[in-house]
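In: this one's sequence-less:
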């Protein structure tokens, strides 16, 4: 009995110490940065005229049918991203003022995406150039990516009996052929442009420096800044806006990705499976001893 | 130690009674709802949507259902780790309830995911394993634990098969019983390790949803709170189930042992309430209380549901009172269920454009699964030695059969 308790306590203490040690070690390296060849988009609301040509081009590039559910089957009018829409232009009207803004909703291609942290066997992963891509053969449709995404981007094919997740993959199939993403190729005003994240960020900052009055920050009154430079640990798709980002429906996020903490916990506790194996060894020893003792006391089982 | 002398025995008697016939009807309706889910797809049969991708099946059937299935875990902790043999009579019924609860959760996962025929890939695509994902860990652990639980339950039916007429069952009994009896301590240890891992990770799950989860629920301590809570629910379920089956099957109540469980559970309740309150205070979340809203109210209800049973179980006299103990157990179950449903649905706020309330098919499937669970439980306790009773149940059963 004494021996049991002692071995249990020593084992538990060792396990706890191991867990703490790896948590501390794991947390340091837990913050991720964009790969050096990271690409993305820069969308500037001051240039967008809301023509929605990008919405049509996106459908053609990704082989998605027009969404006519809001127009009696007459024309393509998605109200939001959905199981057949990877890119949509929304309109923001400022109450009691003539101020208007369009907003291009699509996957932000996070530097450290929560959806990728969620995905059990990597159907969603950052692949070439940091683009968050989807491989359906690894997706069982659990929808944890939807729970995780702070931008509410991944959409599910709810009507299908073999549903897939649908989200912008930055037209990686077109990029592989040396073409531009569909939306970028057709934009008549260059409101959305494609490039490396570094180049786009420099461009965006230059626009703010050249026209500090034109752009805004997250909230009304905030200094102008680029959305996505640091938001949620940074995104590869960046936004510039003449109305506060808050009004465009972009979420208020920390500068650290929300994927970091759960990852530190998982990696900290389970690194190398040391803690679980140690705990199992202790439990095994204690149970074996106690059960033998009890079986003896209770007669042959 | 009189309990040790009482061997578990089958209750005997017909499985189909007035009560179980009603359950069969509910089960049949539930199965129809499940078939409808696959025929109509998730969009056609459920109220789930892109904002609320997880609903009743995940929050109640899986997350709450497996916590209710922690009776086996909680009792094994007392009996095999803390070496408290007096709780031995609770082991078999608790393990059976756990095996059933986890099996039903597994069925719910198959209902809930979009393409269940690919689920096995989570286990076998080893070089794709995402060890950052709490859901991945939960999936692997739950798959393994369902098997572990049935192995733990098997000593209640394998001996009967072994001594039965020749056939598949006898072969299974002859082959596996000796192996399982030898391996049991290590299976039991696995049955202690796995729930420790995945019940805490069920809390980690919602940590990834970031600010979509209300500040009063989102905390790095979610895994710890979920772990403590599942143990409290485990003890509560054993009290609940044992009390109900003593009434339903007119058996003597294990009063002393249940009072002991009431004593064992109290520290978990106090710990949970204390940790949650201190966490909220330390992390500056008390500001929410300055402007009380529905969330603050829910938080307070959750706290009250945990503190109330802790107070109700504070003295030996109160714990010895069967009615009081039963009511406390019900409150604990309610507390754990509410905490989980809040964390997964109510305090999860994807955006004003989304709303969720379970569809009829979702509710009927859940009710059906619970009905099936109870039916299988009744079948098991009547046919196999699960419950320990003072009466020699075989004699009564034999006379009824004749």
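Out: Great, that's in hand. In this text, all values refer to a predicted model and were calculated from it rather than measured experimentally.
In: alpha carbons only for contacts and neighbour counts from here, please
Out: Will do.
In: Backbone dihedrals for residue B:268, both of them.
Out: phi -70, psi -40 (degrees, to the nearest 10).
In: and it, what pLDDT?
Out: pLDDT for residue B:268: 96.
In: residues near it, how many?
Out: 20 (other Cα atoms under 10 Å in any protein chain shown).
In: Check residue B:163 too.
Out: Neighbours of residue B:163 using other Cα under 10 Å come to 12.
In: and it, how far is that from chain A?
Out: 15 Å (Cα to the nearest Cα, to the nearest Å).
In: My read is that that residue contacts residue B:171, right?
Out: No: using Cα atoms under 8 Å, residue B:163 makes no contact with residue B:171, being 10.2 Å away.
In: if I pick residue B:238, what's in contact with it?
Out: B:71, B:90, B:93-94 (Cα atoms under 8 Å, 6 or more residues apart in numbering or on different chains).
In: Burial check on the closest residue to chain A within the stretch 151-300 of chain B, number of neighbours?
Out: Nearest to chain A in the stretch 151-300 of chain B, going by Cα to the nearest Cα, is residue B:209, at a distance of 4.3 Å. By other Cα under 10 Å, 28 other residues sit near residue B:209.
In: how far away is it from residue B:357?
Out: The gap separating residue B:209 from residue B:357 is 20 Å, by Cα to Cα, to the nearest Å.
In: What of residue A:125?
Out: 32 Å.
In: more crowded one of those two?
Out: residue A:125 (18 against 14).
In: What residues are bridge-paired with that one?
Out: With DSSP bridges applied, residue A:125 shows beta-bridge pairing to residue A:133.
In: Let me see the contact set for it.
Out: Contacts of residue A:125 by Cα under 8 Å, 6+ apart are A:116, A:131-134.
In: before we move on, what about residue A:58?
Out: Contacts of residue A:58 (Cα under 8 Å, 6+ apart): A:86-87, A:182-183.
In: rerun at 7 Å
Out: A:87, A:182-183 (Cα atoms under 7 Å, 6 or more residues apart in numbering or on different chains).
In: Residue numbers of chain B in contact with chain A?
Out: Contact residues, chain B versus chain A (Cα under 7 Å from any Cα of the partner chain): B:4, B:41-44, B:50, B:53, B:80-81, B:83, B:85, B:113-116, B:118-119, B:122, B:128-130, B:132-136, B:185-186, B:189-190, B:193, B:204, B:207-210.
In: Show me the strands in chain A, by range?
Out: Per DSSP state E, chain A carries strands over the ranges A:39-44, A:88-93, A:100-105, A:124-126, A:132-134, A:155-156, A:165-166, A:192-196, A:238-240.
In: by contact count, what packs against the last one?
Out: Translated: strand A:238-240. strand A:39-44 (3 or more Cα pairs under 7 Å, 6 or more residues apart in numbering or on different chains; DSSP states H and E).
In: The strand it packs on to strand A:100-105, inter-axis angle?
Out: Angle, strand A:39-44 to strand A:100-105, by axes from the mean of the first three to the mean of the last three Cα atoms, to 10 degrees: 170 degrees.
In: Also compute the angle for strand A:39-44 relative to strand A:192-196, please.
Out: Using the same axes, to 10 degrees: strand A:39-44 against strand A:192-196 is 150 degrees.
In: if we can go back for a sec, pretty sure the residue of the stretch 151-300 of chain B closest to chain A contacts residue A:147?
Out: Yes: in terms of Cα atoms under 7 Å, residue B:209 counts as a neighbour of residue A:147; the distance is 5.8 Å.
In: rewinding a little: would CSV of the contacts of residue A:125 with distance to residue A:271 and pLDDT be doable?
Out: As requested, these are exported to CSV (distance: Cα to Cα, whole Å; pLDDT from 0 to 100):
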residue, distance to residue A:271, pLDDT
A:116, 19, 97
A:131, 27, 98
A:132, 25, 98
A:133, 27, 97
A:134, 27, 97
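In: still on that earlier bit, by neighbours, which of the contacts of residue B:238 wins?
Out: Going by other Cα under 10 Å, residue B:71 tops the contacts of residue B:238 with 32 neighbours.
In: what's that residue in contact with, if anything?
Out: B:94-95, B:98, B:234-235, B:237-238.
In: ok, so what distance separates residue B:67 from chain A?
Out: 20 Å.
In: For my notes, confirm that residue occurs in a helix.
Out: Yes: counting by DSSP: H, G, I helix; E, B strand; the rest coil, one finds residue B:67 located in a helix.
In: What about the contacts of residue B:238, which are in helices?
Out: Members of these lying in helices (criterion: DSSP state H): B:71, B:93-94.
In: following the longest helix seen in chain B, which helix or strand comes up?
Out: Counting by DSSP H, the longest helix found in chain B is helix B:168-207. Sequence-wise, the next helix or strand downstream of helix B:168-207 (DSSP states H and E) is helix B:222-248.
In: Closest to chain B out of the contacts of residue A:58?
Out: Using Cα to the nearest Cα, residue A:87 comes nearest to chain B of those, at 15.3 Å.
In: List phi and psi for the closest one.
Out: phi -150, psi 130.
In: Give me the neighbour count for it.
Out: Residue A:87: 25 neighbours (other Cα under 10 Å).
In: tell me the contacts of residue B:114?
Out: Residue B:114 touches A:140-142, A:162-163, counting by Cα under 7 Å, 6+ apart.
In: Revised request: answer the last question for residue A:119.
Out: Counted by Cα under 7 Å, 6+ apart, residue A:119 has contacts A:144-145, B:133.
In: Would you agree residue B:16 falls within a strand?
Out: No: applying three-state DSSP, one finds residue B:16 to be coil, outside a strand.
In: What is the burial count for it?
Out: Neighbours around residue B:16, by other Cα under 10 Å: 14.
In: Give me the pLDDT for it.
Out: 90.
In: cool, residue A:217 as well?
Out: pLDDT, read off for residue A:217, is 97.
In: Touching, it and residue A:224? I think so.
Out: Yes: contact between residue A:217 and residue A:224 holds when scored by Cα under 7 Å: they sit 4.2 Å apart.
In: ok, back up a step: closest one of the contacts of residue B:238 to chain A?
Out: The nearest member of the contacts of residue B:238 to chain A, counting by Cα to the nearest Cα, is residue B:90 at 14.5 Å.
In: what sits against the closest one?
Out: residue B:75.
In: domain parsing for chain B?
Out: B:1-46+B:359-380, B:47-358 (automatic domain parsing).
In: Looking at the ones you listed, which one is packed in the most?
Out: domain B:47-358 (a mean of 20; mean count of other Cα atoms under 10 Å in any protein chain shown).
In: Quick check: closest non-adjacent residue to residue 200.
Out: Here I'm looking at chain A. Nearest residue to residue A:200, sequence neighbours excluded (Cα to Cα, 6 or more residues apart in numbering or on different chains): residue A:42, at 6.1 Å.
In: right idea, wrong chain: chain B
Out: Ranked by Cα to Cα, 6+ apart and with sequence neighbours excluded, the top spatial neighbour of residue B:200 is residue B:223, at 4.0 Å.
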